[in-house]
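**Student:** starting from these lines, generate the structure:
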Amino acid sequence: MSRVGLILLRLFLIVIGYGVAALVASGFLHFVAWPMFAVPGEEAPWLLMGGLFISVPLVGLFVAYFAFVPSAVLAGLSEILGYRSWLYHALSGGVAGFVAIMIARRTQGPAAYPGEVGHFDAGLPLIWMPEIATAAIAAGIVGGTAYWLVAGRSAGLADRRPPDDGLPG
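**Tutor:** The predicted model follows:
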């Protein structure tokens, strides 16, 4: 396969890996938020299970949107330097989750902090809670691990040249 073909194949694998990571991070966020919908001492309502087929991909789009820039920088660094470590990709996912929640906080407009009274109609007060930032970082770590499984284990392979077999030409 030509060098251009290898690079295009690698880019395709990176995009697929990013999509899988966003869906897995969204699924993790749903798993973390699921106890809020359950009645204490009972199972979660099965009526909500059907909505997960719509909700997980929809939240995955938001995850992918807010985490795109930090993830692209960190995945590019991984490709350039050839980092294939699970730990690098997991921590990169956590960093991307932290930056994504900071971007989400910044883009929501002027919002009050959770202690202020009467200003919550300007933005989403939940986004300022530390539990939300922690969930975003944890979802980033899970998403980074999913990315590593799909594309990160072979990072930087497009830069390798085929071995010299000693033949002329």
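
**Student:** how many neighbours does the nearest residue to W86 once chain neighbours are set aside have?
**Tutor:** For W86, ignoring the flanking residues on the chain, the nearest one in space by CB to CB, 6 or more residues apart in numbering is W148 at 5.2 Å. Every residue, glycine included, has its C-beta placed from N, CA and C. Close neighbours of W148, defined as other CB atoms under 10 Å, add up to 25.

**Student:** so who does W148 touch?
**Tutor:** W86, H89, A90 (CB atoms under 8 Å, 6 or more residues apart in numbering).

**Student:** residues touching the helix or strand hosting the second one, excluding its own?
**Tutor:** Of the helices and strands defined by DSSP states H and E, H89 is found in helix 86-107. Outside helix 86-107, the residues that touch it by CB under 8 Å, 6+ apart are 21, 25, 63, 66-67, 69-71, 74-75, 78, 83, 111, 127-128, 132-133, 136-145, 147-148, 152.

**Student:** among those residues, name the buried ones.
**Tutor:** Buried members of those, counted by 16 or more other CB atoms under 10 Å: 21, 25, 63, 66-67, 70-71, 74-75, 78, 83, 111, 127-128, 132-133, 136-145, 147-148, 152.

**Student:** mind checking which of these land in helices?
**Tutor:** Secondary structure from DSSP state H places 21, 25, 63, 66, 70-71, 74-75, 78, 132-133, 136-145, 147-148 of these in helices.

**Student:** hang on, the earlier thing: buried stuff in the helix holding H89?
**Tutor:** Across helix 86-107, burial judged by 16+ other CB under 10 Å covers 88-90, 92-101, 103-104.
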